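>>> quick one: sequence plus predicted model below, questions after.
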Amino acid sequence: MGNVVYVDENGNPRKRTLKEAYADAKAWCSEKWETIKENKETVIAVGSVAVPAVVEVVKMASKRRARRADDKHRKTEMWDPVEGHWWKLCRELTSRELLEVEHRVKNGEPRGEVLADMGLLK
């Protein structure tokens with residue numbers, strides 16, 4: 001939770017102790033539990049819609065995060081199937097540099113040497 005600051009009874013700002021935070025959380029939970037007990041039908045109706053929606057949002061967010069990490073990985077590293085090795089690049093390659101690398105690799109030069117000659121390795 002970080003540094004939670006609140007104003008005490010005298011109007012002075014101060015940090016809450018762990019004991020106070022625990023007591024506040026316990027009181028909040030018991031208050032909500034009483035509300036849930038009183039409104040079971042509403043909670044069931046809302047929960048049956050809200051829980052799958054939250055699950056779907058979390059799934060989409062995790063997929064998006066994984067895709068961004070994969071895109072970043074592909075832009076900053078290059079796979080060499082001959083050596084079975086990922087080469088770390090100092091930056092994302094331009095189209096011209098990528099074409100030159102592929103052309104030189106097709107002519108038989110090792111990908112690592114090509115990248116080193118062009119000054120693209122980290």
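Arrived safely, thanks for sending.
>>> longest single helix anywhere in this protein?
Ranked by residue count and defined by DSSP state H, the top helix of the chain is helix 40-76.
>>> chain center to that one, what's the gap?
Mean-position distance between helix 40-76 and its chain equals 12 Å (CA atoms, centre = their mean, to the nearest Å).
>>> so what secondary structure elements neighbour it?
Other elements packing on helix 40-76 under the criterion 3 or more CB pairs under 8 Å, 6 or more residues apart in numbering; DSSP states H and E are absent; no helix or strand qualifies. Yep, even glycine has a C-beta here, placed from its N, CA and C like the rest.
>>> that one - what's its average pLDDT?
Helix 40-76 shows a mean pLDDT of 89.
>>> walk me through the domains of the protein.
The record's domain parsing of the chain by automatic domain parsing lists 1-38, 77-117.
>>> ok so, going back, now the element after the longest helix of the chain, going C-ward?
Taking DSSP states H and E as the definition, the helix or strand that follows helix 40-76 towards the C-terminus is strand 77-80.
>>> who's in contact with residue 89?
Under the criterion of CB atoms under 8 Å, 6 or more residues apart in numbering, the contact partners of residue 89 comprise 75, 76, 77, 78, 115, 120, 121, 122.
>>> most neighbours, which of those?
Top of these by neighbour number is residue 115, holding 23 neighbours under the definition other CB atoms under 10 Å.
>>> what about residue 87, which SS state?
In three-state terms, and counting by DSSP: H, G, I helix; E, B strand; the rest coil, residue 87 is strand.
>>> isn't residue 122 right up against residue 77?
No - here residue 122 does not reach residue 77: they are 9.2 Å apart, not a contact under CB atoms under 8 Å.
>>> find the residues that touch each one of those two.
Joint contacts of residue 122 and residue 77 (CB under 8 Å, 6+ apart) are 88, 89.
>>> quick test: name the residue nearest the centre of this structure.
Centre of the chain computed as the mean C-alpha position; nearest residue by CA atoms, centre = their mean is residue 65, 5.0 Å away.
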